[in-house]
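Trainee: sequence and computational prediction follow.
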Amino acid sequence: MQTALPDAALETLAAVFRAMPHYPLFDEPSAAALYGDYEGWALHLLTGAPPPGLVAAPTPQRQWGQAQLFFREHRLAEQVRVQHREREYSALAQDLLVALRDASAASGELEGAFDASLQRVQALLASNSVDRLRAEFAGMAAQLRSSLASQRTTLERQVGELRERLHAAEQAKVESELRARELGSTLAELRQALDEARQQMQIDPLTRLYNRGAFDAALRRYVEISQASGQTLALVLLDLDHFKAINDRYGHPVGDAVLTAFADLLSRSFLRADDFVARCGGEEFAVLLFVSDTAQVARLIETLFERLRGLRLPMLQDGVLTCSAGYALLGPGGNGDDLARRADQALYQAKRDGRDRFNAA
């Protein structure tokens with residue numbers, strides 16, 4: 001025999017059933033079904049309508065035991081659900097804790113700042129103190145934002161410094177390239193000046209013919225060419241007759257004019273590209289040339305002598321200038337010293353024979 005409850009008590013109990021599904025702890029589909037079940041039980045308690053999921057009794061009466069069982073089972077299910085969520089959240093918090101610890105260990109600045117906070121979070125996870133845990137995570141988030149902002153500022157400063165160094169390096173590169181071009185231009189000018197100086201060192205300043213140093217180098221080179229190519233090399237040595245007397249009688253300016261006139265005539269008499277004409281010193285001159293036979297040398301010297309005899313020098317009283325010459329040909333296995341020695345002997349033989357003539361070695 002069930003005792004009837006007052007209407008106010010029934011309404012209060014139905015209100016409790018109806019309030020429970022408004023704060024569901026389940027996913028949306030399960031929450032909708034749960035709302036329907038609670039609403040069905042509330043109507044059953046208020047009106048005696050059939051309870052959800054049960055067969056209607058033959059006579060209307062409240063199913064207090066089934067209502068109590070329904071309420072207790074769903075509360076237990078909610079408790080299990082809450083504990084399951086707590087474990088999930090705890091695991092997520094542990095994962096987050098590990099990630100934060102790894103991140104702080106990877107950064108020297110973060111490691112010291114987060115060490116104490118991480119230890120507190122570890123202890124709070126074990127105590128299930130949600131409010132304190134939330135506050136600790138909020139503090140860590142603020143600390144993380146501050147640390148990241150500081151690191152960002154530092155990084156921006158370092159990037160700015162790097163840009164400045166890069167700009168300075170590019171500027172230095174431009175300046176270095178400019179200095180390199182200027183240096184290259186200067187070196188080219190110095191090289192040209194050096195070549196000109198070397199050329200001047202090889203030239204006799206009075207006659208503009210090659211000097212003795214240039215002749216010695218050319219003699220060695222011509223001997224090598226002759227031996228390598230098989231061409232016949234001839235050396236002609238010439239000496240102006242009575243030149244000392246000209247200097248003594250007319251003075252050195254007239255003597256220089258005589259030397260210049262003879263050098264000009266000598267250059268015009270040996271015009272081939274490989275003919276080498278030099279002033280060896282004083283009134284002595286030399287010519288290196290490749291010939292086909294001895295007769296060719298003799299013809300060239302004879303032509304020179306004829307031109308010299310026809311040359312009139314107004315600075316001399318009689319206007320006549322003569323010279324003596326001797327020449328030699330490079331023989332098989334010969335060398336420059338031997339060639340010069342034999343040509344010199346032929347020259348002095350011509351002088352002993354009366355000058356104004358030439359002899360062959």
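Mentor: Cool, got the structure.
Trainee: what is the neighbour count of Ala325?
Mentor: When neighbours are counted by other CB atoms under 10 Å, Ala325 registers 25. In this view, the C-beta of every residue, glycine as well, is placed from N, C-alpha and C.
Trainee: all strands for the protein, in order.
Mentor: Applying DSSP state E to the chain gives strands spanning 232-240, 276-281, 284-291, 323-329, 358-360.
Trainee: quick one: closest of those strands to Ala169.
Mentor: Nearest of the strands of the chain to Ala169, taken as CB to CB: strand 276-281 at 55.7 Å.
Trainee: select the longest helix from the protein.
Mentor: helix 130-202 (DSSP state H).
Trainee: do I have it right that Ala325 meets Ala234?
Mentor: No - contact between Ala325 and Ala234 fails when scored by CB atoms under 8 Å: they sit 11.5 Å apart.
Trainee: check what pLDDT the spatially closest residue to Thr260 that is not a sequence neighbour gets.
Mentor: For Thr260, ignoring the flanking residues on the chain, the nearest one in space by CB to CB, 6 or more residues apart in numbering is Thr207 at 5.8 Å. At Thr207, the model reports a pLDDT of 97.
Trainee: so Thr207 sits right up against Leu265, yeah?
Mentor: No - using CB under 8 Å, Thr207 makes no contact with Leu265, being 10.8 Å away.
Trainee: quick one: which of these two has more around it?
Mentor: Neighbours per residue, other CB under 10 Å: of Thr207 and Leu265, the larger number sits with Thr207, 21 against 16.
Trainee: and the more buried one, how far is that from Ser324?
Mentor: Separation of Thr207 from Ser324 (CB to CB, to the nearest Å) stands at 18 Å.
Trainee: about what we covered before: return the most buried member of the strands of the chain.
Mentor: strand 323-329 (a mean of 25; mean count of other CB atoms under 10 Å).
Trainee: mind giving me the packing neighbours of that one?
Mentor: Packing partners of strand 323-329 (3 or more CB pairs under 8 Å, 6 or more residues apart in numbering; DSSP states H and E): strand 232-240, helix 294-310, helix 336-352, strand 358-360.
Trainee: so for Ala91, which of those sits nearest?
Mentor: Ala91 lies closest, by CB to CB, to one member of these: helix 336-352, at 102.6 Å.
Trainee: put the alpha carbons of the closest one into PDB.
Mentor: Output in PDB follows, covering the C-alpha atoms of helix 336-352 (Å, rounded to 0.1, in the frame of the first residue of the first chain):
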ATOM      1  CA  GLY A 336     127.800  34.100 -79.700                       C
ATOM      2  CA  ASP A 337     131.200  34.800 -78.000                       C
ATOM      3  CA  ASP A 338     133.100  33.100 -80.800                       C
ATOM      4  CA  LEU A 339     131.000  34.900 -83.400                       C
ATOM      5  CA  ALA A 340     131.700  38.300 -81.800                       C
ATOM      6  CA  ARG A 341     135.400  37.600 -81.400                       C
ATOM      7  CA  ARG A 342     135.800  36.700 -85.100                       C
ATOM      8  CA  ALA A 343     133.800  39.700 -86.300                       C
ATOM      9  CA  ASP A 344     135.900  42.000 -84.100                       C
ATOM     10  CA  GLN A 345     139.100  40.500 -85.500                       C
ATOM     11  CA  ALA A 346     137.800  41.200 -89.100                       C
ATOM     12  CA  LEU A 347     137.000  44.800 -88.100                       C
ATOM     13  CA  TYR A 348     140.400  45.500 -86.700                       C
ATOM     14  CA  GLN A 349     142.000  43.900 -89.800                       C
ATOM     15  CA  ALA A 350     140.100  46.300 -91.900                       C
ATOM     16  CA  LYS A 351     141.400  49.200 -89.800                       C
ATOM     17  CA  ARG A 352     145.000  47.900 -90.100                       C
END
